[in-house]
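Q: Pasting a predicted model and its sequence here:
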Amino acid sequence: MPEVLIVLTLAALPAVGNFAGGLVAEMLPVSERTLSLALHAAAGIVLAVVGMELMPRALSIEPAWLVVLALLAGGGFFVLADKTIDLLNCRFGSEGDFGPWAIFFAVSVDLFNDGLMIGAGSTVDLRLGLLLALGQVSADLPEGFATIASFRRRGIARRLRLLLSLSFALPVLAGAMIGYFGVRGGPELAKMLLLAFTAGILVTVTVEEIVPQAHEGEEARSAALFFIGGFALFTFLSVYLG
């Protein structure tokens, strides 16, 4: 099998894990407490992705100030996108409907980053690409659950929910191809700036959208444990599989 097809197969594994989490959300009753726990776990995982993988990798290259600017640019990008959506919501009378879409956007960016890591790791050793892919599968399960559960609670049609869940394969496959071919032929600085830019988006989305959504309605006392548990899970996988 050509190496590029192997990389695509590896990149599909996180998408499968995310879709499996979405299927669980479709089959089980989704209470406010359950959704809160899933969102807390997803927030912990996303922040661990930034802290354990993206920024350490990005800051390994000089000049560091460019990496910091890319991080700020990513946060600014989301702020502008959020303001635009708020204006549209106010104009068309649908204020408050962006929350699930913000979660969808954050998970899509996270999956894109998964693809970048898998694609780049596979250029070093396909076994490394496999370990990264397996590590992301467990991390993406609660993200898929939280996304589909959020859409379900907002009354989005089931067919659309399933299509959205399946669409998560697109960013991870695109990221894998960019990571795979970018490392082989592109400048290292450009790749690291892209990682920092996406890290800025992820941090901002998590703090401004996912965490507030996690605290809406009834919240379980163990929610904080799910947050740190999600962070610890990805940290464990990053250290022992990465």
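A: Yes, it's here.

Q: what residue ranges in the chain are flagged as low confidence?
A: By pLDDT under 70, the weakly predicted segments of the chain are 1, 30, 85-99, 124, 135, 138-139, 217-220, 241-242.

Q: so which strand or helix has the residue most central in space within the chain?
A: By C-alpha atoms, centre = their mean, the chain has its centre lying nearest to residue 110, at 2.2 Å. Per DSSP states H and E: residue 110 is located in helix 99-124.

Q: who does that helix touch, helix- and strand-wise?
A: For helix 99-124, the elements it packs on are helix 3-27, helix 32-48, helix 64-92, helix 126-153, helix 169-185, helix 188-205, helix 211-214, judged by 3 or more C-beta pairs under 8 Å, 6 or more residues apart in numbering; DSSP states H and E. Bear in mind the C-beta positions are built from the backbone N, C-alpha and C, glycine included.

Q: about what we covered before: how much space between the residue nearest to the centre of the chain and residue 65?
A: According to C-beta to C-beta, to the nearest Å, residue 110 and residue 65 sit 26 Å apart.

Q: Repeat that for residue 209.
A: From residue 209 across to residue 65, the span is 28 Å (C-beta to C-beta).

Q: So for these two, which sits in the more crowded spot?
A: Higher neighbour count among residue 209 and residue 65: residue 209, with 22 against 8, using other C-beta atoms under 10 Å.

Q: So the more buried one sits against residue 102, correct?
A: Yes. Contact criterion C-beta atoms under 8 Å: residue 209 and residue 102 qualify, at 3.7 Å.

Q: Return every residue with contacts to both of those two.
A: Here residue 209 and residue 102 have residue 82 as joint contacts, going by C-beta atoms under 8 Å, 6 or more residues apart in numbering.

Q: can you list contacts of stretch 22-32?
A: Stretch 22-32 has contacts (C-beta under 8 Å, 6+ apart) with 34, 38, 141, 144-149, 152-153, 158, 161-162, 165, 216-219.

Q: now residue 239, nearest residue through space, not along the chain?
A: Of all residues not flanking residue 239 in the chain, residue 52 sits nearest, at 8.0 Å (C-beta to C-beta, 6 or more residues apart in numbering).

Q: Count the neighbours of that neighbour for me.
A: Residue 52 is flanked by 18 other residues according to other C-beta under 10 Å.

Q: From residue 25, how far off is it?
A: Distance from residue 52 to residue 25, by C-beta to C-beta: 26 Å.

Q: mind listing what the residue nearest to the centre of the chain touches?
A: So residue 110 contacts 45, 46, 49, 140, 143, 202 (C-beta under 8 Å, 6+ apart).

Q: My read is that the last one contacts residue 109, right?
A: Meaning residue 202. Yes. Look at residue 202 against residue 109 with C-beta under 8 Å: they come within range, at 5.7 Å.

Q: higher neighbour count, those two?
A: Neighbour count, other C-beta under 10 Å: between residue 202 and residue 109, residue 202 has more, with 26 against 22.

Q: Quick one: residues contacting that one.
A: Counting by C-beta under 8 Å, 6+ apart, residue 202 touches 46, 47, 49, 50, 54, 74, 106, 109, 110, 113.
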